[in-house]
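Structure of the sequence below:
(2 chains)
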2 protein chains.
Amino acid sequence: MRRSRAFIPTSKEAPSDASLPSHIFLSRAGFITQVAAGLYNYLPLAKRVIKKIEAIINEEMTKVGAQEVELSFVTPADLWAESGRIEKFGKELLRFKDRKNNLFVLGPTHEEMMVDLVRNRVTSYKNLPLNLYQIKTKFRDEARPRFGLMRGREFIMKDGYSFHADTEDLDREFDAMEVAYKKILTRLGLDFRVVEADSGAIGGSGSKELMVLADSGEDTIAVCSKCEYGANIEAAKRSRRSNIPEAPEAEFNKFLTPNVKSIDELAEFFKVDPYYTVKCVAKRVIYEDESEIVLFFVRGCDNLQEVKAVNATDALDIVDVSEEELREIGLEPGFIGPLDQDKAKHVIDSDLKSAKNLICGANEADNHFIGVDLGILDDVAYFAEIAEVNEGDICPNCDGELSFTKGIEVGHIFKLGTTYSSALKAEFLDENGKSQPFIMGTYGMGVSRLVAAVIEQHHDDNGCKWTKATAPYMVNIMVSNIKDEAQVELGEKLYGQLQESGVEVMIDDRKERFGFKMKDAELIGFPYTVIIGKELANGQVQIYNRQTTEKTAVAADDIYAKIMEIL
Amino acid sequence: MRRSRAFIPTSKEAPSDASLPSHIFLSRAGFITQVAAGLYNYLPLAKRVIKKIEAIINEEMTKVGAQEVELSFVTPADLWAESGRIEKFGKELLRFKDRKNNLFVLGPTHEEMMVDLVRNRVTSYKNLPLNLYQIKTKFRDEARPRFGLMRGREFIMKDGYSFHADTEDLDREFDAMEVAYKKILTRLGLDFRVVEADSGAIGGSGSKELMVLADSGEDTIAVCSKCEYGANIEAAKRSRRSNIPEAPEAEFNKFLTPNVKSIDELAEFFKVDPYYTVKCVAKRVIYEDESEIVLFFVRGCDNLQEVKAVNATDALDIVDVSEEELREIGLEPGFIGPLDQDKAKHVIDSDLKSAKNLICGANEADNHFIGVDLGILDDVAYFAEIAEVNEGDICPNCDGELSFTKGIEVGHIFKLGTTYSSALKAEFLDENGKSQPFIMGTYGMGVSRLVAAVIEQHHDDNGCKWTKATAPYMVNIMVSNIKDEAQVELGEKLYGQLQESGVEVMIDDRKERFGFKMKDAELIGFPYTVIIGKELANGQVQIYNRQTTEKTAVAADDIYAKIMEIL
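Okay, the predicted model is just below:
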């Protein structure tokens, strides 16, 4: 492609709301333009990147026997009513009526559609397993679309769905998909980690996320220093804490603690480690048809993990509550404890099960209990894992310590089980001729998000650094001075040679200053730029390596051979 | 691909509303399933066909320098207000509000979006021409979605848009796109014709349609017997009629014609050829904000061409009117003529300009004028070409005769001019530093419709006959009896060999009867099926050619070489 003819509207200005490198550089380098909040156009460079990612996904999916389909983007709301998700999905599910007043939904994911496609068309265990996928535009009416391609409303996703006769076969497919997903990310040149994930909202028996490691990631991941264990903070577990402080000794007693409300104040007041205090986090828990205040108790040194709290209460969501709301139902903010707690439903973190030597609120203004043994609640209270792991906690799989890192979720694989097949009555006849709902798995990968993730992981202050597998063009030929006949001649010759060799090459043939063109090349991020400049008079050109930002002098006569060698 | 693992839900039953072969066979052969009216899923076989078509389009577009983009499918209604099309497009334009109450439109075509993308990003004649295209899902909320993929609501379209500094350059691009489109259809193996088209609704200075010839086509095309001329009936012209009957001689007079209302009755009553009578077609003409009754006068032997009538009146649409409506404004149905016509606006067909010896209604019950010379209206009435050409009329370009054939519109190329760039104020600086609106062209091709068009042109009573360029798999290996080890062995060997040679091959390894599997193969329409059956005992297999339906015996040892030779 000739740069003079290419539609690559580069710019010095980034969008005013852009904070992430990918948002800034993809916009500035002419890969994307914004249409409205969360809606983007992919310009020629971005389209090339997307097609490369799609091709790699297609290849790896074909290798594992998955078959590509393309389902209608506009989906009948009836199906969403059948599964019950039309309510659960909330406002993210964009609904509209057609000219005949039928209700439709813009597909944010296609579980219902896929189950509807397969039901009554696959009827025997003999035709299982089946793995169908598509790569297509999706739409989620996000409340806060942001970060460019990272969290758009319209986005491109690879979504796959598998159907099985038994859970063993689902397990096999799930593992195969994990391997395939890893291959895809490895081929794309990404540094990533497969982590345990929360399987809350969609339901199901297990799930893993593929996280591209990047400082700007929205997700916090707990990773082990010794073994392969990694988990989204929402799902991370620990075997135990690293250092358990010595227990304070005290008889059970009620103690006057005027105005001592926070954990810090409490620990200071009694000179104990917060580990031995009980923190109450009160939340309003939202269910499908109603909501209520629930008290979550964790150790004072821990924090409530909200996703775990949602799962523990089987809620749609949890939100904050005000002190007024607590007082209205007879609770005393700052002094709420789990003993004799009859004002509100409560959940106690598993780590507090049978815990002794605790200090907790006495459910009475300015009073705490000390010397509490929660063992008395073991058989009567609801214990669940609701605390977030901390850095330094011990790995659940070995004796390594957990530390936190940031990741961008680009893939999610999921054992769905029969959630959707049961709801939509999608069944097959098993070997005994008995009707059974399909056992399902689902496998998503964010294609447009991957475009951004590559840049989050591969950039510097001057712009993008595309990996070899994702670069829109591999080589950029920079004719420094378009009026210099020798430079033009060599540039055009090399351009022709590389094109013939099947190399994706661009030639910058614009009548612009060298400095301007070079800044453009860095911003766009071609892996290699051949600089044909003044040194050509001495038979020399340079290769600029965008990854290392190093320039290497090469004899002009050898440049074609050298480039081919590098590639 | 193994047939036993492939998701190809073939069926004996066609959808109850299916009348076209493509709708019937694509459904029965497991290529598509219907989701709702006009909404379809593309199953693995169809997805393969679509990708082949897309790849050919991409190749030909790249060759002519067009650049691929992908624009947001959800488009802001503001842009449609700017161009004025939010009203004009009517209910086909699906609108909805997002969670923040902003109005959006599901893109049925992307002129506004593309102009918005280019405006302020291409600012100089130096960066022109520019040709951008995408292949993406579109949505039109058709009043009567029908014929399967032929007229769906959600469909896949290649839409391209070019930007130029002057009309000469647009003409050059338009011609280049015509050549490219012809190459695409030729490569797909289609018999087609490029025809002159109406450029009415979108506005612009010229357009051509690419018509795949098929009896089931919705469009009527007039083609010349001698030269290359072809035109959609909506736009077809004639130089003259083939045989003009002898003129009746009569002085101008009013004549009592009791109850003689139709052209047939009139011609019979006066014993003249209908050529010399004047037919009145009254219609209600719909404009953006109002409507009115307009009288269209054509020769009695002609028919009103409604698209021409719409264009002549600059209307959005025209609809029928009742006799009551005509009487309400003082017209006398059956006796309406163009002389002294002051009751309603009227348009007279150009062929009646200066016409003599006519008989027409006298605007009075039971009366006609005879010996009418319409020359007296030449300077006062509105003449326009509103009659439809007839078979046998003489070609506008040579002395050949026109005949009619049926076509499926699969492409439309269009000189838009400045319609959209002016409306959206998309301008560039010309060589003299003067601001000018872009001169634009637009180029559409129906990708999902092409899938159907291939089958409309290539099928028989037993199913699909894919062309080589569009076949989802080129070769089907039929292992007649899966329990016969020798058959299985040869089948598997050939399957492996062909796969290694890069041939798209399927092996029918199902435990089903030969007859059942063969019917399936015919329905799906693989170009070649290798039948490995009983004759293998004598060292023979057969190649079934789906196009010719002939079976050829081949020595089993030579089958691989023979297949490679055929391909």
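
buried ones in the strand or helix carrying A:V294?
Assigned by DSSP states H and E, A:V294 belongs to strand A:291-299. Residues A:291, A:293-299 are the ones in strand A:291-299 that count as buried (16 or more other C-beta atoms under 10 Å in any protein chain shown). Glycine gets a C-beta too; all of them are placed from N, C-alpha and C.

Output these in TSV, with pLDDT and distance to A:A362 appended to each entry.
Shown next, in TSV, are the buried residues of strand A:291-299 (pLDDT from 0 to 100; distance: C-beta to C-beta, whole Å):
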residue	pLDDT	distance to A:A362
A:S291	93	27
A:I293	96	19
A:V294	96	20
A:L295	97	14
A:F296	97	18
A:F297	97	14
A:V298	97	18
A:R299	96	18
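
Could you list which residues are in contact with A:S435?
By C-beta atoms under 8 Å, 6 or more residues apart in numbering or on different chains, the contact list for A:S435 reads A:427-429.

Mind telling me what element the closest residue to chain B within the stretch 351-500 of chain A is part of?
Relative to chain B, the nearest point of the stretch 351-500 of chain A is A:S448 (9.5 Å; C-beta to the nearest C-beta). Secondary structure assignment for A:S448, by DSSP H and E: helix A:447-457.

OK, now which residue of the stretch 401-550 of chain A is nearest to chain B?
Proximity of the stretch 401-550 of chain A to chain B (C-beta to the nearest C-beta) peaks at A:K511, 8.7 Å away.

burial of A:G433, as a residue count?
8 (other C-beta atoms under 10 Å in any protein chain shown).

any idea how far it lies from B:I184?
From A:G433 across to B:I184, the span is 51 Å (C-beta to C-beta, to the nearest Å).

now A:I563
Distance from A:I563 to B:I184, by C-beta to C-beta: 33 Å.

okay, those two: which has more neighbours?
More neighbours surround B:I184 than the other of A:I563 and B:I184, with 25 against 22 (other C-beta under 10 Å).

shaky segments in chain A?
Where chain A drops to pLDDT under 70, the residues are A:200-205.

Mind checking which residue lies nearest the centre of it?
A:E409 (1.9 Å; C-alpha atoms, centre = their mean).

which secondary structure element contains that residue?
With DSSP H and E as the test, A:E409 turns up in strand A:402-417.

residues contacting A:S501?
A:S501 neighbours (C-beta under 8 Å, 6+ apart): A:M564.

What segments of the stretch 351-500 of chain A are helices?
Under the criterion DSSP state H, counting those that start in this stretch, the stretch 351-500 of chain A contains helices at A:419-423, A:447-457, A:485-500.

For the ones you listed, state which one has the densest average packing.
When the helices of the stretch 351-500 of chain A are scored by mean count of other C-beta atoms under 10 Å in any protein chain shown, the highest mean neighbour count falls to helix A:447-457 (a mean of 26).

tell me the angle of it relative to strand A:402-417?
170 degrees (axes from the mean of the first three to the mean of the last three C-alpha atoms, to 10 degrees).

helices or strands up against helix A:447-457?
Packed against helix A:447-457 by the contact rule (3 or more C-beta pairs under 8 Å, 6 or more residues apart in numbering or on different chains; DSSP states H and E) you find helix A:21-28, helix A:44-63, strand A:154-164, strand A:206-213, strand A:402-417.

Output the helices of the stretch 351-500 of chain A as CSV; include the columns distance to B:N397.
Converted to CSV, the helices of the stretch 351-500 of chain A look like this (distance: least, C-beta to C-beta, whole Å):
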stretch, distance to B:N397
helix A:419-423, 61
helix A:447-457, 50
helix A:485-500, 41
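
what's the closest of those to A:Y42?
helix A:447-457 (7.7 Å; C-beta to C-beta).

Pull out the CA atoms of that closest one and give them to me as CSV.
Taking Å, rounded to 0.1, in the frame of the first residue of the first chain, the C-alpha atoms of helix A:447-457 are listed here in CSV:
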residue,chain,number,x,y,z
VAL,A,447,-11.7,-9.7,19.3
SER,A,448,-11.9,-5.9,19.3
ARG,A,449,-10.7,-5.9,22.9
LEU,A,450,-7.7,-8.0,21.8
VAL,A,451,-6.7,-5.2,19.4
ALA,A,452,-6.6,-2.8,22.4
ALA,A,453,-4.9,-5.4,24.6
VAL,A,454,-2.0,-5.8,22.2
ILE,A,455,-1.3,-2.1,22.5
GLU,A,456,-1.8,-2.0,26.2
GLN,A,457,1.0,-4.5,26.4
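
contact partners of the strand holding A:V294?
Strand A:291-299 has contacts (C-beta under 8 Å, 6+ apart) with A:274-285, A:304, A:309, A:313, A:318, A:321, A:325-326, A:329, A:331, A:336-338, A:341, A:344-349, A:351-352, A:355, A:360, A:386-387.

same question, stretch A:509-518
Contacts for stretch A:509-518 (C-beta under 8 Å, 6+ apart): A:2-4, A:478-483, A:488, A:491, A:508, A:529, A:531, A:533.

rerun that using 6 Å as the cut-off
A:2-4, A:479-480, A:482, A:508 (C-beta atoms under 6 Å, 6 or more residues apart in numbering or on different chains).

and those, which of them are in strands?
If you go by DSSP state E, the contacts of stretch A:509-518 have A:479, A:508 in strands.

that older thread, thinking the residue of the stretch 351-500 of chain A closest to chain B is in contact with A:F147, fair?
No - using C-beta atoms under 6 Å, A:S448 is not in contact with A:F147, being 11.7 Å away.

joint contacts of those two?
With C-beta under 6 Å, 6+ apart, A:S448 and A:F147 have no common neighbours.

residues from the stretch 1-150 of chain A in reach of chain B?
A:7, A:9, A:35-36, A:39, A:41-44, A:47, A:67-74, A:76, A:91, A:96, A:98-99, A:117, A:121, A:130, A:137, A:141 (C-beta under 6 Å from any C-beta of the partner chain).

show me where the stretch 201-350 of chain A has strands.
For the stretch 201-350 of chain A, the strands defined by DSSP state E, counting those that start in this stretch cover A:206-213, A:219-224, A:230-232, A:253-256, A:278-286, A:291-299, A:317-320, A:345-349.

Tabulate the ones you listed (TSV), appending distance to A:A197.
Formatted as TSV, the strands of the stretch 201-350 of chain A follow (distance: least, C-beta to C-beta, whole Å):
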stretch	distance to A:A197
strand A:206-213	4
strand A:219-224	9
strand A:230-232	5
strand A:253-256	42
strand A:278-286	22
strand A:291-299	21
strand A:317-320	18
strand A:345-349	20
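
So for A:D399, which of those strands sits nearest?
The nearest among the strands of the stretch 201-350 of chain A, by C-beta to C-beta, is strand A:219-224 at 9.4 Å.
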